[in-house]
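Peer 1: Need a 3D model of the following:
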Amino acid sequence: MKENLFFGRKTYLDILDKRIGDLKDGYHQNIAITGDELVGKTSIIFEFLSKFYDNRIVILYLEVRPESLPTFAKRFIGVLLYNFLLKSNIALKEDLDYLLRKSARFIPKTCQNLKLILNALDKRKKENVFTDLLSLCEIFYQETGKFCVVIFDEFHNLENLGVKNIYREWSRLLILQKNTMYIIVSSMKFKAKTILAKNLSLLFGNFEAVLVEPFDTKTSEGYLESMLSENINSGLKNFIVHFTGGCPLYLKLIADELAKSPDSNLVNVLESLLFEPVGILNQRFSNYLKRFLNLSYSQDYISILYSISSGHNRIKDIGHILHKTKNELSLRINSLLELDSISRSADFLKINDRVFAFWLKFVYQEKLQSLTFDAKNQKALFRGYIDNSIQDFLINAKKPVVERMLELLRLFEDEVIQIDRNRLRLSRFREIKHFEFNNKSLKEGLIGRSHDSLWIMAFKNELLTEEDIADFTKECKRYRYKPQRKIIVALRDIDNNARLRALEERILTWDVNNLNLILDLFSKPRIVI
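Peer 2: The predicted structure is shown next:
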């Protein structure tokens, strides 16, 4: 196995590099980085910091923890002074008094102000401490000409410092501070989005939103190949990509286990991680569920999660299964959305963590429903579920994408989903059939007829071009049936001009990620290309 602590993520690293570089040129843009837990946000920050050096920029990285304001303030000041002295050839200690003494002759004004903050805290005066802390960065710039980049990891925990109106106070500073850049990071996507929309939405000083996604298929495959010395069977490799959803941690755990023992197979690995009482993921998911036990209606939350994991993920079906009124169910669903346990796509719900959803269905619930404590029998059942999942994936992977989409269209029952910013009704079709196009690049597609609409779908295996859009538009005009839903599925990539032309022609352009979103909602194996 090759040691590989960091992989890919160039797009995100380039954003950080460009925005921090722009700060010196007078262009000021704060950044808000969000993404699911375990997706690798902090790893991206650490990778960037490990390679970044600019004598005119001092970076302050702080993990925001549940702690008191005095503790946070001392950490903030310590990080500022430590990083200021870092390249000075002065022996450094993680001791605040020592750092103050060493810094005082270089930045006396900054040190004078931070001592006032520390004295106020000693006298238990907390008023204005948070804004005074952040204001140090501008004072520091005036003394040194050095810009500050402040990184707050899990920034939403700032609310626990006990500062009244913390975001209102901070937002005032954001408008004024021209030489300080903020990068805020959060795993609480729903909460972070709300804070950014309501509390930190400013005419000047707005945050550029950066959503960190799991690895795409190509990156996931490259990661597995780099981690495993032996070439892994391509079918199993694709299954791992599908199973993990590209989550870097899950890919690493599985790859590590496969690399440890060459004789081990994937079923054994998943058994040790997910089923065994000491399994890393079994323990992680068990602890995750415990967070609901202290909440009112805890059983309702767990029942909703289990229902979704079992494929009963339409909101109306969940209400029927749990015998909940619409209002009751809405309250529980909103709580789960706020906790980022689930996400919503119009009529459907989805558990954000794919591997957790699998564990919930095939480990947690199976053990709860078992009539005996026969661990051997439960283990055999679990191994069977894993094997069936692998075989189901491999069988579907051999089918052409057009055939898989035809099977998917047959499952539509007039539900509504959301893809990107578009709400889409999944018509119940009375007829679905293959269709061949009369041009060189677009060769096959599907036509679906419902009582009130006609769906025309085309599939492109190579780059989707503007010419393809023009050809598809001509084909659609042969059908006078209205309204039409026109969709082109691009299995590789989409040219920017093609996207613009498609918007003009009211054609939806879907990539593999869009297809997989719908397949997820109908509990079907993903397409891995």
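
Peer 1: got the buried residues for stretch 62-72?
Peer 2: 62, 64, 69-70, 72 (16 or more other CB atoms under 10 Å). Quick note: C-beta positions are derived from backbone N, CA and C, even for glycine.

Peer 1: which of these lies closest to residue 397?
Peer 2: Set against residue 397, the nearest of these by CB to CB is residue 64 (42.9 Å).

Peer 1: what's the closest one in contact with, if anything?
Peer 2: If you count contacts by CB atoms under 8 Å, 6 or more residues apart in numbering, residue 64 has them with 72, 152-158.

Peer 1: how close does residue 472 get to residue 505?
Peer 2: For residue 472, the distance to residue 505 equals 8 Å [CB to CB, to the nearest Å].

Peer 1: do the same with residue 130
Peer 2: In terms of CB to CB, residue 130 sits 52 Å off from residue 505.

Peer 1: The two: which is more packed in?
Peer 2: residue 130 (24 against 14; other CB atoms under 10 Å).

Peer 1: moving C-terminal of the helix or strand hosting that one, what's the next helix or strand?
Peer 2: Following DSSP states H and E, one finds residue 130 within helix 129-144. Counting by DSSP H and E, the element after helix 129-144 in chain order, helix or strand, is strand 147-153.

Peer 1: how many degrees apart are that next one and helix 129-144 in direction?
Peer 2: Orientation of strand 147-153 against helix 129-144 (axes from the mean of the first three to the mean of the last three CA atoms, to 10 degrees) gives an angle of 150 degrees.

Peer 1: Can you name every helix or strand that the lowest-mean-pLDDT helix or strand in the chain contacts?
Peer 2: The weakest-scoring helix or strand in the chain, judged by mean pLDDT, DSSP states H and E, is helix 365-369 (a mean of 82). Judged by 3 or more CB pairs under 8 Å, 6 or more residues apart in numbering; DSSP states H and E, the packing partners of helix 365-369 are helix 375-397.

Peer 1: what's next to the helix or strand that the helix it packs on is followed by, contact-wise?
Peer 2: With elements assigned by DSSP H and E, the helix or strand that comes after helix 375-397 is helix 401-409. The contact list for helix 401-409 (CB under 8 Å, 6+ apart) reads 396, 429, 432, 434, 444-446, 448, 455, 457, 459, 489, 491, 515, 518-519, 522, 524, 527.

Peer 1: Give me the angle between helix 401-409 and helix 375-397.
Peer 2: Helix 401-409 runs at 120 degrees relative to helix 375-397, counting by the same axes, to 10 degrees.

Peer 1: Start the count at 3 instead of 1 going forward.
Peer 2: Yes, from this point I'll number from 3; that puts the last item at helix 403-411.

Peer 1: Tell me the buried residues in helix 403-411?
Peer 2: Quick answer for helix 403-411 (16+ other CB under 10 Å): 403-404, 406-408, 410-411.

Peer 1: Off-centre distance for the helix or strand following it?
Peer 2: Scanning forward in sequence from helix 403-411 by DSSP H and E, the next helix or strand is strand 417-421. Distance, stretch centre to chain centre, for strand 417-421: 20 Å (CA atoms, centre = their mean, to the nearest Å).

Peer 1: For strand 417-421, enumerate the helices and strands it packs against.
Peer 2: By 3+ CB pairs under 8 Å, 6+ apart, strand 417-421 packs against strand 344-347, strand 424-428, helix 514-523.

Peer 1: Save the ones you listed as CSV, and put in mean neighbour count too.
Peer 2: Listed next are those as CSV, based on neighbours: other CB atoms under 10 Å:
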stretch, mean neighbour count
strand 344-347, 18
strand 424-428, 15
helix 514-523, 19
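
Peer 1: possible to save those as JSON lines with mean pLDDT?
Peer 2: Listed next are those as JSON lines, based on pLDDT from 0 to 100:
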{"stretch": "strand 344-347", "mean pLDDT": "96"}
{"stretch": "strand 424-428", "mean pLDDT": "93"}
{"stretch": "helix 514-523", "mean pLDDT": "95"}
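
Peer 1: all helices for the stretch 3-152 of the chain, in order.
Peer 2: Using DSSP state H, counting those that start in this stretch, the helices of the stretch 3-152 of the chain run over 12-26, 43-53, 71-87, 98-106, 110-124, 131-146.

Peer 1: Can you tell me which of those helices is nearest to residue 466?
Peer 2: Ranking these by proximity to residue 466 (CB to CB) places helix 12-26 first, at 20.6 Å.

Peer 1: now do the same end-to-end measure for stretch 61-75.
Peer 2: With CA to CA, to the nearest Å applied, stretch 61-75 spans 16 Å between its terminal residues.

Peer 1: which ones are touching the nearest residue to residue 327 once chain neighbours are set aside?
Peer 2: Excluding its sequence neighbours, the residue lying closest to residue 327 (CB to CB, 6 or more residues apart in numbering) is residue 321, at 7.6 Å. Contact partners of residue 321, counting by CB under 8 Å, 6+ apart, are 327-328, 331.

Peer 1: Where helices are concerned, which of those count?
Peer 2: Those of the contacts of residue 321 mapping onto helices are 328, 331, per DSSP state H.
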